[in-house]
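**Q** no FASTA, just this:
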């Protein structure tokens, strides 16, 4: 159990620093911005209690808000992401599968499941983030473009990260 906690602390720190010091300055044509830090929430173990999941999501969102000068936008979007994560996992993963797949990584769950998982949750997070940020009907086309392109960019980076740390797993 302490190994899982240590891995998640390192993952939190690494993704936070990567987001704040590198990805904050990466944009494509001022429309698409990757938010790879949400990978921390996505990769938390299945057995993480809901209260801890919401607390960690709020904490990483609030930390990103402090560096991005966006009071509460990332925190609110991360809490919504945590809620949808609970729903998605309860629908797609059997309870008895937790013994064999302790966390929802690419190597544990497979490429198709992880891609669907990352895409759905990223779309939800980005939808709430960009709509809370703009909050105007006149900006709908621009917001929609940012939402779609940033989601594609983020999921691409998630898959790239997943394949970099991919470990072969024998399926039972």
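**A** That came through fine. Since the structure is predicted, the reported quantities are computational estimates derived from the model, not experimental observations.

**Q** helices and strands of this structure: which one bottoms out on pLDDT?
**A** Using mean pLDDT, DSSP states H and E, the weakest-scoring helix or strand in the chain turns out to be helix 106-109, at a mean of 80.

**Q** Which strands or helices does that one pack on?
**A** helix 140-164 (3 or more CB pairs under 8 Å, 6 or more residues apart in numbering; DSSP states H and E). For every residue, glycine as well, the C-beta is placed using N, CA and C.

**Q** Give me the buried positions along the helix it packs on.
**A** 143, 146-155, 157-159, 161-162 (16 or more other CB atoms under 10 Å).

**Q** what's the closest of these to residue 58?
**A** Closest to residue 58 out of the buried residues of helix 140-164 is residue 154 (19.7 Å), distances taken as CB to CB.

**Q** ranges for the helices of this structure?
**A** Counting by DSSP state H, the segments of the chain that form helices are 2-21, 39-42, 50-68, 73-92, 106-109, 111-134, 140-164.

**Q** where are the low-confidence patches of the protein?
**A** 1, 95-101, 167-172 (pLDDT under 70).

**Q** Run a quick neighbour tally on the closest residue to residue 50 other than its chain neighbours.
**A** Nearest non-adjacent residue to residue 50, counting by CB to CB, 6 or more residues apart in numbering: residue 86, 6.2 Å away. Applying other CB atoms under 10 Å, we find 14 residues neighbouring residue 86.

**Q** Please apply the same query to residue 128.
**A** Residue 128 - counted by other CB under 10 Å - has 20 other residues nearby.

**Q** unless I'm mixing things up, it is touching residue 79, no?
**A** No. The criterion here is CB atoms under 8 Å, and residue 128 misses it with residue 79 at 9.3 Å.

**Q** quick one: the residue nearest to residue 50 and residue 117, what's the gap?
**A** Counting by CB to CB, to the nearest Å, the gap from residue 86 to residue 117 is 12 Å.
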